[in-house]
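Novice: structure, please.
(chains A and B)
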Amino acid sequence: MRDQITLTVNGETELLEVESHRTLLQVLREDLDLTGTKDGCNSGECGACTVLFDGEPVNACLVLAVEADGHEVVTIEGLAQGGALDPLQRAFINRNAVQCGFCTPGMIISARALLGRNPRPSEMEIRQAIAGNLCRCTGYTRIVEAVESVVAQGH
Amino acid sequence: MKKFDYVKPKTLAEASAFMVEHDGEARLYAGGTDVLILMRGGFITPQYIVDIKEIPGLRDISFDETAGLNIGAATALNAVASSPIIREKFGLLAEAAETVGSYQVRNRATIGGNICNASPSADTVPALLVLGAMTWVFGGGGEKAIPLDAFLTGPGETVLGPGDILTSIQVPLPPAGNAYRYLKLGRVRAADLALVGVAVLGFPQVRNPSGYGFRIALGAVAPTPIRAPEAEAVLAESVDDEAVERAALAAMRTAKPISDVRASADYRSAMVRVLTRRGIKEVLQDLYQMSNAQ
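Specialist: Purely as a prediction, here's the structure:
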């Protein structure tokens, strides 16, 4: 069953025809070439597929593309504004919070959403906010420090 | 995932009729965080996914002093956890809802889904059992109320028949001056299923020799989450240290855990005792502090 959907992705209106069984993750990566969002587990456990859905982080692997009709999606590609990196992106680079980079888009999306709802989170609040984003490389320390450095700068 | 059709009925009646007409080949769908996993694992193969979460009313949270709290079944767990009225008057439920999965999962997973998926380890259920929750089910053209403990019948099993839809959960006000804890043991402190979940609600109760009433529910250690009436009875008589130990032991004996990939039955059993003891002690601390503050 194919459906026509209209959704906003990173500020752009997209008209797509999608089959019911395809996920938002698949459509973002395969139909829109937005491969920053990753498929890590396809079961809502690793968070590598985290995107903002109407401003709130969700696992795109657990959203059917058809459900995105009429909604706003922001992926990692949509965070940089006018060519300038988001402060979190800069902090992750500066603080060496990126090793293989696979978890990074999802981490930054989760962190961006956290700072949107809580501009001054404690370390524990940061850790709880990224509890759904698994990293196999860094041990999380530098990731948490990167987020804290952005908090300290007042972003 | 096998292909399927996605339908989005506009009313409960339409959804219910569709489910009856396509009995055995359609699945109700709200947050999707359980259904999509079941489908990917090949455990269910519906030809129709019936998205009901935007049917009017299914995401409303309302409260009045007589009826208590009413939560639409399709309310996302983050909305449950952050609702001011739930945090203020039904804090145990907010605390339990916040332990499910991750923040991302909780933006989609719903309280109704947590109940209807009927996992023995469902986190909202021990809290709801202790709060005396009632489920409201639409089906056969009308609505009926079913107490939560009667609603769940086994792992993955509920009383819902073809065309039945859980529409809301009604929760009466807990006793005044209550304190509570939901303690969840996972393999990691980040997102995980409960190996053991213990919900404890304590409140001043002059009728009881101990001066307190307790309600305790255990999750992940029986085919469904269950109350621990023997433990509760111990605490009605006394809440001294020795009684707390006896209550924790009684809770352990009430539990009937199994061994699975996440933990052995013995470990779960031992942890029921530890978490129950801890939960009771922390609740008592809160109750004493509250009465000292008066």
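
Novice: how about the residue in chain A that chain B sits nearest to: what's its closest non-neighbour residue?
Specialist: Residue nearest to chain B within chain A: A:G132 (2.3 Å; Cβ to the nearest Cβ). C-beta coordinates here come from the backbone N, C-alpha and C atoms, glycine included. Of all residues not flanking A:G132 in the chain, B:S102 sits nearest, at 2.3 Å (Cβ to Cβ, 6 or more residues apart in numbering or on different chains).

Novice: which residues are in contact with the residue of chain A closest to chain B?
Specialist: A:45, A:47, A:50, A:57, A:59, A:110, B:101-105, B:190-191 (Cβ atoms under 8 Å, 6 or more residues apart in numbering or on different chains).

Novice: now with 10 Å?
Specialist: Each residue near A:G132 by Cβ atoms under 10 Å, 6 or more residues apart in numbering or on different chains is listed here: A:44-47, A:50, A:57-59, A:106, A:110, B:101-107, B:190-191.

Novice: am I right that the residue nearest to A:G132 is in contact with A:R127?
Specialist: No - contact criterion Cβ atoms under 10 Å: B:S102 and A:R127 do not qualify, at 11.7 Å.

Novice: the more surrounded of the two?
Specialist: Neighbour totals were compared for B:S102 and A:R127, and B:S102 leads with 26 against 16 (other Cβ atoms under 10 Å in any protein chain shown).

Novice: that one and A:Q128: what is the separation?
Specialist: According to Cβ to Cβ, to the nearest Å, B:S102 and A:Q128 sit 9 Å apart.

Novice: quick one: common contacting residues for those two?
Specialist: Common contacts of B:S102 and A:Q128 (Cβ under 10 Å, 6+ apart): B:190-191.

Novice: which residues do B:S102 and A:R127 both contact?
Specialist: Residues within reach of B:S102 and of A:R127 at once, by Cβ under 10 Å, 6+ apart, are B:A190.

Novice: so which of the contacts of A:G132 are in strands?
Specialist: A:50, A:57-59 (DSSP state E).

Novice: among the residues you listed, which one sits closest to B:A145?
Specialist: A:V58 (32.4 Å; Cβ to Cβ).

Novice: from A:I130, how far out is the closest one?
Specialist: Separation of A:V58 from A:I130 (Cβ to Cβ): 14 Å.

Novice: go on, B:N70?
Specialist: Counting by Cβ to Cβ, the separation of B:N70 from A:I130 is 33 Å.

Novice: now the stretch 1-150 of chain B against chain A: closest residue?
Specialist: Closest point on the stretch 1-150 of chain B to chain A, by Cβ to the nearest Cβ, is B:S102, at 2.3 Å.

Novice: rewinding a little: the residue of chain A closest to chain B falls within a strand, correct?
Specialist: No - A:G132 is assigned coil when assessed by DSSP: H, G, I helix; E, B strand; the rest coil, not a strand.

Novice: and it, what pLDDT?
Specialist: Looking at A:G132, its pLDDT is 97.

Novice: next, the buried residues of stretch A:20-34.
Specialist: Buried residues in stretch A:20-34, counted by 16 or more other Cβ atoms under 10 Å in any protein chain shown: A:20-29, A:32, A:34.

Novice: next one: stretch B:85-101
Specialist: B:86, B:89-101.

Novice: among the residues you listed, which pair sits farthest apart?
Specialist: Maximum pairwise distance in those, criterion Cβ to Cβ, is 24.6 Å, between B:K89 and B:G101.

Novice: re earlier: return the subset of the contacts of A:G132 lying in helices.
Specialist: Of the contacts of A:G132, the ones assigned to helices by DSSP state H are A:106, A:110, B:103-106.

Novice: the one helix or strand B:A96 maps to: how far from the chain's middle?
Specialist: If you go by DSSP states H and E, B:A96 is part of helix B:91-97. Chain-centre distance of helix B:91-97: 9 Å, with Cα atoms, centre = their mean, to the nearest Å.

Novice: repeat for stretch B:184-197
Specialist: That offset, for stretch B:184-197, works out to 15 Å (Cα atoms, centre = their mean).

Novice: ends of it, how far apart?
Specialist: Taking Cα to Cα, to the nearest Å, the first and last residues of stretch B:184-197 lie 4 Å apart.

Novice: that one and chain A in contact?
Specialist: Yes - using Cβ under 10 Å from any Cβ of the partner chain, a contact is recorded between stretch B:184-197 and chain A, made by B:188-192.

Novice: buried ones in that stretch?
Specialist: B:184-186, B:190-197.

Novice: where along chain A do the strands fall?
Specialist: Taking DSSP E as the criterion, chain A carries its strands at A:2-9, A:12-19, A:50-53, A:56-59, A:72-74.

Novice: turn the ones you listed into CSV, including mean neighbour count, mean pLDDT and distance to chain B.
Specialist: Below are these laid out as CSV (neighbours: other Cβ atoms under 10 Å in any protein chain shown; pLDDT from 0 to 100; distance: least, Cβ to the nearest Cβ, whole Å):
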stretch, mean neighbour count, mean pLDDT, distance to chain B
strand A:2-9, 16, 96, 7
strand A:12-19, 14, 98, 7
strand A:50-53, 27, 98, 6
strand A:56-59, 28, 98, 5
strand A:72-74, 20, 98, 13
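
Novice: tabulate those strands (a markdown table), appending distance to A:A91.
Specialist: Listed next are those as a markdown table, based on distance: least, Cβ to Cβ, whole Å:
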| stretch | distance to A:A91 |
| --- | --- |
| strand A:2-9 | 25 |
| strand A:12-19 | 26 |
| strand A:50-53 | 18 |
| strand A:56-59 | 18 |
| strand A:72-74 | 18 |
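
Novice: buried sites along the lengthiest helix in chain B?
Specialist: The helix spanning the most residues in chain B, taking DSSP H as the definition, is helix B:265-292. Within helix B:265-292, the residues scored as buried using 16+ other Cβ under 10 Å are B:268-269, B:271-273, B:275-284, B:286-287.

Novice: and B:P126, which of the three is it?
Specialist: Strictly by three-state DSSP, B:P126 counts as helix.

Novice: that older thread, of all the ones in strands among the contacts of A:G132, which two lie farthest apart?
Specialist: A:P57 and A:N59 (8.3 Å).

Novice: common neighbours of these two, please.
Specialist: A:47, A:50-51, A:106, A:132-133, B:102, B:104-105, B:107.

Novice: all good on my end, thank you.
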